[in-house]
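Enquirer: Just the structure for this:
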Amino acid sequence: MAYGVSSTFADTITSASPSDQKNSSGYILGRVSHVVYGPYYYGTTRPDPNYKNPTDLGKVLFQSLSGNQSATANSAGNQPAKPFYSWMKQYPLVGEYIYVLSGPSSKLNDNTEQSEFYYLPPFNLWGSNHHNALPNLQDYGVHVQCIRRSYQNNQATNQANNLTTGSTEYPLGDGFFEKGDVKTLEMFVGDVAFEGRYGASVRFGSSLLANKDKNYWYQGPEGNPITIIRNGQGPQIDKEGWIPTIENINRDPSSIYLTNGQTIVIDDIQNSFSLASLDISLTTNVTMAIPLNQQLTSIESLSANTQDQRINNNNPNVVS
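Expert: Reported below is the predicted structural model:
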């Protein structure tokens with residue numbers, strides 16, 4: 001089945017280049033099979049043949065779901081695609097779905113018919129900011145068979161090899177650590193947010209009285225802006241990653257709140273810097289303070305004995 005793509009485009013995508021499809025239009029639905037992060041496969045010293053120079057960073061290989069390629073492991077059918085945006089970086093994970101389209105090539109001055117594939121950010125299949133991968137069942141079977149095999153043996157399948165745990169979970173790419181409890185942010189009316197894959201986020205929100213029972217920044221004139229930068233997700237009441245969460249300055253590892261009339265209550269300050277939110281107990285130790293007399297100086301050319309005698313004469317409580 002083709003997804004908004006001409007039948008000719010869909011049937012030949014696994015064997016043709018973008019330039020061969022200059023008369024076609026539309027998008028290709030693809031599943032990511034590999035992401036280029038540098039000269040070597042991520043976390044290894046094995047050269048990545050898909051890297052030729054820094055312009056290849058972020059390039060992916062994808063399996064066309066519109067063509068006749070049966071599995072991502074069929075590396076001969078994988079086509080390269082470059083990020084569509086230059087101002088925003090969000091490399092997909094292995095197994096995530098992307099829209100791919102044909103666009104202009106940097107070699108247009110040599111040949112006006114030159115084109116390349118470009119991809120848009122991954123689809124939000126699971127509503128998760130952590131990952132939205134959906135494996136091909138045949139890929140999963142290949143991966144299970146490859147567990148504990150060498151990287152050389154796995155090279156033909158483009159699959160990760162988890163030698164440490166022997167896990168049979170579907171690979172999301174070398175070096176990606178899956179954390180199922182990472183939650184997305186709960187959004188409020190008018191909010192704009194950017195979220196990373198591990199709980200870091202930036203929210204452009206506002207003071208809304210209707211949210212007073214949910215968030216911690218409703219105080220202040222209605223509609224006043226607030227910017228919240230959060231680096232990490234704090235302890236949650238559950239491990240269910242599909243249930244959204246809200247920033248909490250008293251639980252999140254670190255954060256910056258740029259306010260405009262709002263009042264943010266910090267428990268540690270309210271409790272005399274008890275640091276209770278960090279599960280730290282403080283103890284008080286009483287120390288004896290020893291008073292020190294000020295060292296006197298003089299600009300007069302007098303000996304030390306003469307200066308001491310003058311001080312004693314002016315202070316009858318000093319016993320010489």
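
Enquirer: those strands in the stretch 151-300 of the chain, which residues are they?
Expert: Taking DSSP state E, counting those that start in this stretch, the strands of the stretch 151-300 of the chain run over residues 192-195, 200-206, 225-231, 255-258.

Enquirer: Tell me which residues of the first one come out buried.
Expert: To tie it back to what came earlier, the one meant is strand 192-195. Applying a neighbour-count criterion of 16 or more other C-beta atoms under 10 Å, the buried positions in strand 192-195 are 193, 195. Any C-beta I mention is one placed from the backbone N, CA and C, and that applies to glycine too.

Enquirer: Quick one: mean pLDDT for it?
Expert: Mean pLDDT, strand 192-195: 96.

Enquirer: what's in contact with that strand?
Expert: Contacts with strand 192-195, where a contact means C-beta atoms under 8 Å, 6 or more residues apart in numbering, come from 129, 184, 185, 187, 201, 202, 203, 204.

Enquirer: Identify the bridge partners of the last one.
Expert: It stands for residue 204. Beta-bridge partners recorded for residue 204 (DSSP bridges): residue 192, residue 227.

Enquirer: Near it, how many other residues are there?
Expert: When neighbours are counted by other C-beta atoms under 10 Å, residue 204 registers 14.

Enquirer: Tell me how far residue 212 lies from residue 247.
Expert: Per C-beta to C-beta, to the nearest Å, residue 212 is found 15 Å from residue 247.

Enquirer: Next secondary structure after the lowest-mean-pLDDT helix or strand in the chain?
Expert: Ranked by mean pLDDT, DSSP states H and E, the weakest helix or strand in the chain is helix 7-12, scoring a mean of 40. As assigned by DSSP states H and E, the chain's next helix or strand after helix 7-12 is strand 28-35.

Enquirer: Could you write out the alpha-carbon coordinates of that next one in CSV?
Expert: The C-alpha trace of strand 28-35 is given here as CSV (Å, rounded to 0.1, in the frame of the first residue of the first chain):
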residue,chain,number,x,y,z
ILE,A,28,7.3,7.9,1.5
LEU,A,29,6.5,6.3,4.8
GLY,A,30,9.7,4.7,6.1
ARG,A,31,11.0,2.9,9.2
VAL,A,32,14.4,4.0,10.4
SER,A,33,17.1,1.2,10.2
HIS,A,34,20.2,3.2,10.9
VAL,A,35,21.3,6.7,12.0
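
Enquirer: I'd like to know which elements it is packed against.
Expert: strand 60-64, strand 97-104 (3 or more C-beta pairs under 8 Å, 6 or more residues apart in numbering; DSSP states H and E).

Enquirer: now that strand against strand 97-104, angle please.
Expert: Strand 28-35 runs at 100 degrees relative to strand 97-104, counting by axes from the mean of the first three to the mean of the last three C-alpha atoms, to 10 degrees.

Enquirer: Listing partners with orientation, what would you give for strand 28-35?
Expert: As defined by DSSP bridges, the strand partners of strand 28-35 come to strand 60-64 (antiparallel), strand 97-104 (antiparallel).

Enquirer: So for the last one, mean pLDDT?
Expert: On average, the pLDDT along strand 97-104 is 93.

Enquirer: swap in the first one?
Expert: Rounded to a whole number, the mean pLDDT of strand 60-64 is 91.

Enquirer: can you pull the buried residues of the helix or strand just after that strand?
Expert: Of the helices and strands lying after strand 60-64 in sequence (DSSP H and E), the nearest is strand 79-83. Neighbour-count burial for strand 79-83 flags 79, 80, 81, 82, 83 (criterion: 16+ other C-beta under 10 Å).

Enquirer: That'll do, ta.
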